[in-house]
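>>> The amino acid sequence is not available; the structure is as follows:
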């Protein structure tokens, strides 16, 4: 995350920077044991991990939660796991699609793991990560994002995984991107929350729906688990989850108040920022995300915020509708055609290659 | 004027988003010309009177109404094609009168590189 921000702010090439080795003695993450065979890998600000990850060792294998922002850090994580157990890496769960949680997927896939994630992660991993970078993306980074290893297996609500007798519950919840999952290690009372929980870190709200997120946090607190591993920050307890929930409530309230006072745009940000800073200025990433949190929450409350949409909502397969299924699909080549226009000139679709084209099939004026 | 009128009204935004709009219906060329003049569309209004493109794309409506020439109509459908000719977004609604908002259309167009 930190590296993405630096890259965005200074348009530094993340990938080229990240493939150089860290200075000796600067670990990319630290391992924290939270129960028997349950480990959190807490990303260091100095390192290239970019976020937290974790792993659970069961009787017959290992499940890894998230794969960091850089394949180098993922290799280090694999090496650390190898020091602890010779058991196979059976599963990787991506808690969501953001690059700082998925860029080491290929490392674990090469080690034999099956990759799992909520359905939207599969649909968004390449397209939405490219969107985050925008036009300034370096060619090598673009190539990397476009070849990210996608999940092998997707679920909608969740799935249970067994490592022998050890059960991991994977549940999907809304709030952060619309395609996030948590991993609940029942017997250890540990919940890996991915970015549904940020511990004393200001969250990335780019894709967020905070009202749904608040309900999700209530659900997580209701697990009654002893330990909650955030996507960013140190492992915490239910109290810390409530603290993060409080942040979202305070943010929404402050933005709502400023909107009610008729403020919008930059004036709204300037009105809310001091209040937010007084309470949360000490949290990590406040400089990076404080202002955008206000802007994005303002858009959300005004009903104008755009968040990633599940691919299904743009597909066209409702059976009861009065039209035949299309013969074309998203992701396929548009069939070429030539048709005469109102002016008698022939228009050929393929002659527009290099331009975006919007085909509007209509009748009458509709 | 519905979709065509909306596109015409916001045509500058579509141009700025770097997209070519092609309107396609089963109208003959004379009807297409009439429509183009009525609406004042700056983009091509194409005549698919033989329904070849309707067949290719499968946009045919199951409505019991049929066109004056006995053929089928299109069910209103938007298909967004990227620079390399790949389909990236499709919008249809069971109620043909419900169209995506222009803002939504533009957002999908701008998302494409």
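Received it, and whenever you're ready, just let me know what you need. Being a predicted model, the structure only gives us computed values, none of them experimental.
>>> next helix or strand past the helix or strand of chain A with the lowest mean pLDDT?
The helix or strand of chain A with the poorest confidence is helix A:14-18; it has a mean of 40 (mean pLDDT, DSSP states H and E). Per DSSP states H and E, helix A:14-18 leads on to strand A:29-35 as the next helix or strand towards the C-terminus.
>>> could you say what helices and strands the helix or strand just after that following strand packs with?
Later in the chain than strand A:29-35, the nearest helix or strand by DSSP H and E is strand A:38-43. When contacts are defined as 3 or more Cβ pairs under 8 Å, 6 or more residues apart in numbering or on different chains; DSSP states H and E, strand A:38-43 sits against strand A:29-35, strand A:53-57, helix A:71-84. C-betas here are computed from N, CA, C, even on glycine.
>>> show me where chain B has strands.
B:19-25, B:45-47, B:77-81, B:87-92 (DSSP state E).
>>> Tell me where the model's unsure across the stretch 201-350 of chain A.
Applying pLDDT under 70 to the stretch 201-350 of chain A flags the ranges A:312-323.
>>> could you pull out the strands for it?
Here the stretch 201-350 of chain A has its strands, by DSSP state E, counting those that start in this stretch, at A:227-229, A:338-340, A:346-348.
>>> so of the helices and strands packed on strand A:38-43, which one's packed in deepest?
Highest mean neighbour count among those (mean count of other Cβ atoms under 10 Å in any protein chain shown): strand A:53-57, with a mean of 26.
>>> Next secondary structure after that one?
Strand A:53-57 is succeeded, C-terminally, by strand A:62-65 (DSSP H and E).
>>> what does that next one contact?
With Cβ atoms under 8 Å, 6 or more residues apart in numbering or on different chains as the test, strand A:62-65 has contacts from A:53-56, A:77, A:81, A:85, A:87-93, A:95, A:108, A:113, A:161, A:163, A:168, A:183, A:192, A:194, A:229.
>>> Please see if stretch A:192-210 touches chain B.
No: contact of stretch A:192-210 with chain B (Cβ under 8 Å from any Cβ of the partner chain) is absent, the minimum separation being 13.5 Å.
>>> Just say which of the strands of chain B is most tucked in.
strand B:45-47 (a mean of 26).
>>> all helices for chain B, in order.
Using DSSP state H, the helices of chain B run over residues B:3-9, B:11-16, B:29-39, B:52-57, B:102-111.
>>> Mind listing residues that contact the last one?
Taking Cβ under 8 Å, 6+ apart as the criterion, the residues outside helix B:102-111 that touch it are A:131, A:306, A:356, A:358, B:6-7, B:9-10, B:13-14, B:17-19, B:78, B:80, B:88-89, B:91.
>>> Please apply the same query to stretch A:142-162.
A:15, A:58, A:63, A:91, A:93-94, A:99, A:102-103, A:105-106, A:109, A:114-119, A:121-122, A:125-126, A:129-130, A:133, A:137, A:167-172, A:181.
>>> Please convert the helices of chain B to JSON lines, extending it with mean neighbour count.
What follows is these, written out as JSON lines (neighbours: other Cβ atoms under 10 Å in any protein chain shown):
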{"stretch": "helix B:3-9", "mean neighbour count": "19"}
{"stretch": "helix B:11-16", "mean neighbour count": "14"}
{"stretch": "helix B:29-39", "mean neighbour count": "17"}
{"stretch": "helix B:52-57", "mean neighbour count": "19"}
{"stretch": "helix B:102-111", "mean neighbour count": "17"}
